[in-house]
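Undergrad: only geometry, no sequence info:
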């Protein structure tokens, strides 16, 4: 630590060989190896005693920020700072204290807000800081499986997972498999797997799901998503194998039979696809996705009259597509673990059927899981 300034001893604060803070035009600026990195926005201030009592279960600054709701943003308001006597120099010292504590604790991302901790750690890694280079990927992995939903979403949305190689991902699977409840594991694995596919790391996405199945072999949602990944990669025979595994777990799984029909259609085996859709419909007579797919299969196999009959049946049974929305709600909730989309479909159902037990059940479960 080193303090320097010719006019005031508080305008430049050196944390270590890589990090320096400077007060410039009443704003605190972080410098990395002498180059400006970013301005510090706000401090975590004014935690009253009644709020402190709620903090026993807090594991990071990010969780504390959520408990405080908008307090951090509120503290960035000029009028509020003036009201509590927070002048730029005092705020500068607060930022210096925070970053010094962060450095003294080995760049632990739990004690700095995620919006600063991870970009700063990344920049230090690029600047050649050996400590940052050692722990950068470790922190990403650890916060992915121990951080709350907000942190995980941030790491995925900001592409930090792109820095993990296949060995890192394999280690991440091990950590996920032995921590948390099954729903949390499934949700995280599915989010990461599809993100890898989104950034064109197709083989890594596939291996990620395959490694996950080895660790959690009886997870229907992971098996289903592995089948979906195979389908996206046009490995339709392998996709069918995964969907048959779902049927072995649950012989009445209409969704699995519907997916088998889709894969057989991709292979232009329309006769097999039609049989699969019929099995799905025997298990779930008002399965509108299967009805739509059956219509298409009949059309593609040169049977337009049968296709028209199925389509007419769809219109007669459900003119406002309630059942289709129900199926989509189940699909996103049970298999994709995309609670936001499931919630949207449930709300659409409730506009027309306020007493829909399934829609209310999904909404309540979603609320409890949050």
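TA: Alright, I've got the coordinates. Computed from a predicted model, the values in this text were never measured in an experiment.
Undergrad: Any regions of the chain where pLDDT drops low?
TA: 1-10, 40-86, 315, 318-321, 323-324, 335, 353-357, 364, 366-370 (pLDDT under 70).
Undergrad: Tell me where the stretch 251-370 of the chain has helices.
TA: 254-266, 270-283, 288-300, 304-317, 322-330, 339-352, 357-369 (DSSP state H, counting those that start in this stretch).
Undergrad: now the ones you listed as a markdown table including distance to residue 156?
TA: Just so you know, the C-beta spots here come from the backbone N, C-alpha and C atoms, and that holds for glycine as well. Listed next are the helices of the stretch 251-370 of the chain as a markdown table, based on distance: least, C-beta to C-beta, whole Å:
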| stretch | distance to residue 156 |
| --- | --- |
| helix 254-266 | 25 |
| helix 270-283 | 33 |
| helix 288-300 | 28 |
| helix 304-317 | 37 |
| helix 322-330 | 23 |
| helix 339-352 | 14 |
| helix 357-369 | 18 |
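Undergrad: Identify, out of those helices, the most deeply packed stretch.
TA: Across these, averaging neighbours per residue (mean count of other C-beta atoms under 10 Å) puts helix 254-266 on top, at a mean of 24.
Undergrad: so how far is residue 329 from the closest residue to residue 350 other than its chain neighbours?
TA: Among residues not flanking residue 350 along the chain, residue 359 sits closest, at 5.3 Å (C-beta to C-beta, 6 or more residues apart in numbering). As judged by C-beta to C-beta, to the nearest Å, residue 359 and residue 329 stand 7 Å apart.
Undergrad: overlap in contacts of the two?
TA: Residues touching both residue 359 and residue 329 (C-beta atoms under 8 Å, 6 or more residues apart in numbering): 346, 349.
Undergrad: Who are the contact partners of the residue nearest to residue 350?
TA: Counting by C-beta under 8 Å, 6+ apart, residue 359 has contacts 326, 329, 346-347, 349-350, 353.
Undergrad: Residue 286 and residue 317 touch, don't they?
TA: Yes - Residue 286 is within contact range of residue 317, at 6.3 Å (criterion: C-beta atoms under 8 Å).
Undergrad: Look up how far residue 14 lies from the nearest residue to residue 152 once chain neighbours are set aside.
TA: In this structure, residue 152 finds its nearest non-sequential neighbour in residue 144, 5.8 Å apart by C-beta to C-beta, 6+ apart. Taking C-beta to C-beta as the criterion, residue 144 is separated from residue 14 by 32 Å.
Undergrad: Ok, residue 279 next?
TA: 70 Å.
Undergrad: hey, where'd the strands end up in the stretch 1-150 of the chain?
TA: With DSSP state E, counting those that start in this stretch as the definition, the stretch 1-150 of the chain shows strands at residue ranges 2-3, 12-14, 19-24, 27-32, 35-39.
Undergrad: could you redo those strands as CSV and give each row mean neighbour count?
TA: CSV is the format used below for those (neighbours: other C-beta atoms under 10 Å):
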stretch, mean neighbour count
strand 2-3, 10
strand 12-14, 20
strand 19-24, 20
strand 27-32, 18
strand 35-39, 13
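Undergrad: Out of those strands, which is closest to residue 165?
TA: strand 27-32 (24.6 Å; C-beta to C-beta).
Undergrad: Who are the packing partners of the closest one?
TA: strand 19-24, strand 35-39, helix 88-104, helix 114-127 (3 or more C-beta pairs under 8 Å, 6 or more residues apart in numbering; DSSP states H and E).
Undergrad: nearest to residue 246, of these?
TA: helix 114-127 (36.2 Å).
Undergrad: what about that closest one, distance to the chain center?
TA: Chain-centre distance of helix 114-127: 20 Å, with C-alpha atoms, centre = their mean, to the nearest Å.
Undergrad: Give me the contacts around that helix.
TA: Applying C-beta under 8 Å, 6+ apart, the external contacts of helix 114-127 come out as 18-19, 30, 32-33, 37-38, 40, 62, 102, 107, 109, 112, 131-133, 135-136, 139-140, 143, 147, 150-151, 154-155, 158, 160, 163.
Undergrad: Narrow these to those that are buried.
TA: Taking 16 or more other C-beta atoms under 10 Å as the criterion, what is buried in these is 18-19, 30, 32, 37, 40, 62, 102, 107, 109, 112, 132, 135-136, 139-140, 143, 147, 151, 154-155, 160.
Undergrad: Could you provide the strands of the stretch 1-150 of the chain in a markdown table, with additional columns for distance to residue 194?
TA: As requested, those are exported to a markdown table (distance: least, C-beta to C-beta, whole Å):
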| stretch | distance to residue 194 |
| --- | --- |
| strand 2-3 | 47 |
| strand 12-14 | 43 |
| strand 19-24 | 36 |
| strand 27-32 | 33 |
| strand 35-39 | 30 |
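Undergrad: Please consider this matter closed, and thank you.
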